[in-house]
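Engineer: next come a sequence and a model predicted from it.
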Amino acid sequence: MNKNSKILVQFAGVFGLIGAFLGAHMAGSGSYAFRPVHAHILVVGWLTLFSWSVFYKVFQTTTNLLTKIHVWSAIIGSVGLTVGMWLYMVKPFDLPEGVTLAFYIGGGVLLLVSFFVFFLITLFYREDN
Ligand code: HEM
Ligand code: HEM
């Protein structure tokens, strides 16, 4: 069983469901407050995590330290970014701006780490991996 591929596709599935639901909600309610949250849940959470899941199924099928860092920064980063963006932009709760910004920036930075580590993995990738 390929653990990296499996956990990424499961998170992609959850993001896809929530993102499509938010899209339907925006279309139905006529309010586009969720637009950036919907967009990132789908392009980062659904499309990017799904692509990485396929990458671990088709290309890099073995696990190493870099793939562990990549997968966990991808998951925690995409959850942190989208939850942070929701808290910061939609303001569903009356939280101090420091708290919402920490989520948003922390998630965004982790997601950048994830893209960088993915780039490194592609550099070290060999056919027999
Ligand atoms: C499943 C893949 C989907 C992706 C990747 C996606 C992506 C996006 C993106 C990037 C935007 C922002 C566009 C912009 O800034 O102009 C957006 C806006 C929007 N999406 Fe989606 N979306 C998806 C599915 C859906 C679904 C299923 C619905 C409705 C049932 C929906 C409804 C909307 C609405 C109402 C907007 C706001 C449109 C506007 O700003 O004029 N989306 N979507
Ligand atoms: C790394 C952390 C990221 C941060 C902090 C971030 C932040 C933002 C912000 C502030 C906007 C403008 C939203 C608005 O109109 O109010 C935006 C738009 C957008 N970003 Fe990101 N982004 C990030 C990563 C990504 C990634 C990785 C992708 C693609 C895979 C992406 C795709 C988009 C798209 C398609 C839009 C236009 C959507 C819209 O207009 O609603 N972003 N982003």
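Structural biologist: Great, that's in hand. Predicted model, so just to flag it, every value in this text is computed and none were measured. Residues are numbered from 1 along each chain as shown. Ligands and ions are numbered 1, 2, ... in the order given.

Engineer: for the residue nearest the centre of the chain, give me its contacts.
Structural biologist: With distances taken as C-alpha atoms, centre = their mean, the residue of the chain nearest its centroid is Ser78 (2.8 Å). Residues in contact with Ser78, defined by C-beta atoms under 8 Å, 6 or more residues apart in numbering, are Phe11, Phe15, Val44, Gly45, Thr48, Leu49, Gly107, Leu111. All C-beta atoms are positioned from the backbone trio N, CA, C, and that covers glycine.

Engineer: in which helix or strand would I find it?
Structural biologist: If you go by DSSP states H and E, Ser78 is part of helix 65-85.

Engineer: do that helix and ligand 2 meet at all?
Structural biologist: Yes - on the criterion C-beta under 6 Å from any ligand atom, helix 65-85 is in touch with ligand 2 at Leu81.

Engineer: just the buried residues of that helix, please?
Structural biologist: By 16 or more other C-beta atoms under 10 Å, the buried positions in helix 65-85 come out as 67, 69-71, 73-85.

Engineer: tell me the pLDDT of Gly13.
Structural biologist: At Gly13, the model reports a pLDDT of 98.

Engineer: check whether stretch 66-81 contacts ligand 1.
Structural biologist: No - Stretch 66-81 stays clear of ligand 1 (C-beta under 6 Å from any ligand atom), getting no nearer than 13.6 Å.
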